[in-house]
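Engineer: Pasted the sequence and its predicted model underneath.
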Amino acid sequence: MSVRRRLTTATGAVLLTFAVAGCSGLGRTMVGTLTYETERELVVTVTSPSVNGCHRLAPSGATKVENNTLVDIVLYRTRDCKGEDSIYLATTLGDEIAPGTLPWRSYSVVH
């Protein structure tokens, strides 16, 4: 293999590594805290959770949520981040469920 071809191959591999690392959400977190309260008034604070996937809240759900992170989230009433009855919660804002409605049971990150 010629020196030029090896150099081209090595350069391509390095650029591909940087591209994958730069576009990957692996290891990225929601800088800040997400605080929620359960029906039994237990306060739970999660610090810098991952931006990837669906995150479950306490098994009983959350009645109040405060998003003190640097990213927006979507709250769901299901445990699997699905369903039409969801709410968008921007950074630095909070939400409290209306009396008689189901609690929030999961959330996902908007990115």
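Structural biologist: That came through, no problem.
Engineer: in which helix or strand would I find residue 99?
Structural biologist: For residue 99, there is no helix or strand it lies in under DSSP states H and E.
Engineer: and it, how many neighbours?
Structural biologist: Per other Cβ atoms under 10 Å, the neighbour tally for residue 99 reads 6. Backbone N, C-alpha and C define where each C-beta goes, glycine included.
Engineer: quick one: pLDDT of it?
Structural biologist: On pLDDT, residue 99 comes in at 92.
Engineer: Look up phi and psi at it.
Structural biologist: When read as degrees, to the nearest 10, the backbone of residue 99 gives phi -60, psi 140.
Engineer: Please list all residues in contact with residue 62.
Structural biologist: Listed by Cβ atoms under 8 Å, 6 or more residues apart in numbering, the contact partners of residue 62 are 36-38, 44, 75, 103-105.
Engineer: Next, format those residues as CSV and append distance to residue 96.
Structural biologist: Converted to CSV, those look like this (distance: Cβ to Cβ, whole Å):
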residue, distance to residue 96
36, 10
37, 9
38, 13
44, 15
75, 11
103, 10
104, 10
105, 15
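Engineer: Among those residues, which ones are in strands?
Structural biologist: If you go by DSSP state E, the contacts of residue 62 have 36-37, 44, 75 in strands.
Engineer: For PyMOL, write a command that selects the buried ones of these.
Structural biologist: Restricted to buried positions by 16 or more other Cβ atoms under 10 Å, the PyMOL selection for those reads:
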select buried, resi 36+37+75
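Engineer: Farthest-apart pair in the ones in strands among the contacts of residue 62, please.
Structural biologist: Using Cβ to Cβ, the pair of these lying farthest apart is 44 and 75, separated by 14.1 Å.
Engineer: What is the end-to-end distance of stretch 89-106?
Structural biologist: The first and final residues of stretch 89-106 sit 12 Å from each other (Cα to Cα, to the nearest Å).
Engineer: starting at the chain centroid, how far to that stretch?
Structural biologist: Centroid displacement of stretch 89-106 relative to its chain, using Cα atoms, centre = their mean, to the nearest Å, is 16 Å.
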